[in-house]
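Enquirer: Give me coordinates for this.
(chains A and B)
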Amino acid sequence: MPRGGPAGGPAGGPADEALRRELEATVSEYRASLGPRIAALEALRGALAGARASSSAGAEMRAEMHRELHSIAGSGRTFGLAGVSEAAHAAEVFVERHCAAGSAPDAVAWEQLKALLQDLAAVSGAAVR
Amino acid sequence: MVTGETAAGKAAGPIGEQDILGLTPKGSGELREARTSLPAQELEVLILIDGHSTVAQIICSARGTARDSVLETIGKLRDAGLVRVASESPYGAIDAGDFFSAKTSHAATPGDDAEAAAGVSSLQHKGYYVRIARRAGDAPSREEGRKLSVLVIEDEPHLAKLLGTYLRLEDFAPRAAGNRETILAELRKPEPLDLVLLDVVLPDADGFDVLASMRGHPRFKSVPVIMLTAKATREAVLMGLRRGADGYITKPFEVEVLMRAVKTVLGLEGPEPDIELGKPDA
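Expert: Numbers count the residues shown, from 1 in each chain, chains lettered A, B, ... in the order given. As a prediction, this is how the structure comes out:
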């Protein structure tokens, strides 16, 4: 029985070595996926800021944004990106607070969310460079 | 009132309903080290102790458990050195674990009847993290050569893939599902299932409902389940354990912690001997 992780460094036979390479590839894929995912979040924010608060499309987009932030917050640290988890969590909490009960943030809040997403993009960009 | 003797051997004072309880470092460790041997009720009460709530509030939050039983459990936890009355603690009312992990905390006021009546509302603050894993029973029996099968129910594809690879490195046979359709497809397979790692927030399903359905199904009622989720509130943790989860790991997590939890739950790696009992807490 094993033997380490992506950051770790277990010794093992050829099968283990192949699995280790697979781990490294998965970590790289995850890191590479963050840029487009965060860009999509920002696009969603922009669309939401212009959408009517009560529209069902708006509610769906808010739910999608929340799900995606929740997903990044819950996975970043596992891939060695603790700062990404923290920044995504901050944005997730903000969306939760401002989108509760189907309401939508006002213009000021959308700007605040923009800043949080910019933080996330900056942390993510710095981490994967 | 409950009296007893502390792990340090000193006679403990009585516990009153207005006392505020805190976890000792050992008590925090019991919730964070992915290997606990505490019975379900003691674990539940330990989760309710946050360094802010009074004993009365904890009794209200322990739904379905009689007051005297909760008090007795608190006494046992104190005797084992896992819990102390905050006023007896060098840490005062600060919970050693929560103080560093809670991002926003709800400071309940002792004697606040409304809050006590609300019970679990005080459990909903964010930033609670645990790594709980209890041995589910004897290690699964298996024919020689069969690897233990672990179903990873997780909708983040990279995370699911990472966990699958790690599990293979640990000599398990991982399977994966990320939505209602694939969960059903995996559960309908005739192959034995030895453990489920279950995310809560899925695109078209709720992990707690999946857990409840499994516990109501003759084939899956005894299959160990570890909840693996960013639902980081005491209320969510309690919901998972009350519905029959054998472990609860809040995200984000380190994979090594999860692997330890997997082995603990499967009985492949038992809790370490309780060598701290009888010693004063650090």
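Enquirer: Could you check how far the residue nearest the centre of chain A is from B:Ala230?
Expert: When CA atoms, centre = their mean is applied to chain A, the residue found nearest the centroid is A:Ile72 (2.9 Å). Relative to B:Ala230, A:Ile72 is positioned 10 Å away (CB to CB, to the nearest Å). C-beta: built from backbone N, CA, C; applies to glycine.
Enquirer: residue contacts, the residue nearest to the centre of chain A?
Expert: A:Ile72 makes contacts with A:34, A:37-38, A:84-85, A:88, A:120, as judged by CB atoms under 8 Å, 6 or more residues apart in numbering or on different chains.
Enquirer: Repeat the analysis, applying 7 Å as the threshold.
Expert: Shown in contact with A:Ile72 (CB atoms under 7 Å, 6 or more residues apart in numbering or on different chains): A:37, A:84, A:88.
Enquirer: Likewise for B:Leu151?
Expert: By CB under 7 Å, 6+ apart, the neighbours of B:Leu151 are B:175, B:177, B:186, B:193, B:196.
Enquirer: Mean confidence (pLDDT) on stretch A:34-42, please.
Expert: When pLDDT is averaged along stretch A:34-42, the result is 95.
Enquirer: how about it: buried residues?
Expert: A:34, A:37-38, A:41-42 (16 or more other CB atoms under 10 Å in any protein chain shown).
Enquirer: Among those, which are located in helices?
Expert: Counting by DSSP state H, the part of the buried residues of stretch A:34-42 found in helices is A:34, A:37-38, A:41-42.
Enquirer: Could you dump the residues you listed into JSON lines and include distance to B:Asp206?
Expert: JSON lines is the format used below for these (distance: CB to CB, whole Å):
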{"residue": "A:Leu34", "distance to B:Asp206": "27"}
{"residue": "A:Arg37", "distance to B:Asp206": "23"}
{"residue": "A:Ile38", "distance to B:Asp206": "27"}
{"residue": "A:Leu41", "distance to B:Asp206": "23"}
{"residue": "A:Glu42", "distance to B:Asp206": "28"}
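Enquirer: so which of those comes closest to A:Ala57?
Expert: Closest approach between those and A:Ala57, by CB to CB: A:Leu41, at 16.6 Å.
Enquirer: how about low-confidence regions in chain A?
Expert: Scanning chain A for pLDDT under 70 picks out A:1-12, A:52-55, A:100-104, A:129.
Enquirer: Helices along that one, start to end?
Expert: Counting by DSSP H, the helices of chain A are A:14-50, A:56-75, A:82-98, A:107-128.
Enquirer: got the CA positions of stretch B:210-224 in CSV?
Expert: C-alpha atoms of stretch B:210-224 as CSV (Å, rounded to 0.1, in the frame of the first residue of the first chain):
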residue,chain,number,x,y,z
VAL,B,210,-28.5,10.1,-1.4
LEU,B,211,-27.2,9.1,2.0
ALA,B,212,-30.7,8.8,3.4
SER,B,213,-31.8,6.7,0.4
MET,B,214,-28.8,4.4,0.8
ARG,B,215,-29.5,3.9,4.5
GLY,B,216,-33.1,2.9,3.7
HIS,B,217,-32.0,0.4,1.1
PRO,B,218,-31.3,-3.2,2.1
ARG,B,219,-28.2,-3.5,-0.1
PHE,B,220,-26.6,-0.2,0.9
LYS,B,221,-27.7,0.4,4.4
SER,B,222,-24.4,-0.9,5.8
VAL,B,223,-22.0,0.4,3.2
PRO,B,224,-19.8,3.0,4.9
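Enquirer: in it, what's buried?
Expert: For stretch B:210-224, by 16+ other CB under 10 Å, it's B:210-211, B:214, B:220, B:223-224.
Enquirer: any idea of the mean pLDDT for that stretch?
Expert: 94.
Enquirer: what residues does that stretch touch?
Expert: Taking CB under 7 Å, 6+ apart as the rule, stretch B:210-224 contacts B:136, B:153, B:183, B:187, B:193, B:195-196, B:198, B:225, B:240, B:243-246, B:265-266.
Enquirer: chain center to it: distance?
Expert: 18 Å (CA atoms, centre = their mean, to the nearest Å).
Enquirer: and if you look at stretch B:61-70?
Expert: 18 Å.
Enquirer: Repeat that for stretch B:166-173.
Expert: 24 Å.
Enquirer: ok, now stretch B:157-169?
Expert: 23 Å.
Enquirer: Any residue of that stretch touching chain A?
Expert: Yes - Stretch B:157-169 comes into contact with chain A (CB under 7 Å from any CB of the partner chain), by way of B:158-159, B:161-162, B:165-166, B:168-169.
Enquirer: Restricted to helices, list the residues you listed.
Expert: Reading helices off those with DSSP H, I get B:158-159, B:161-162, B:165-166, B:168-169.
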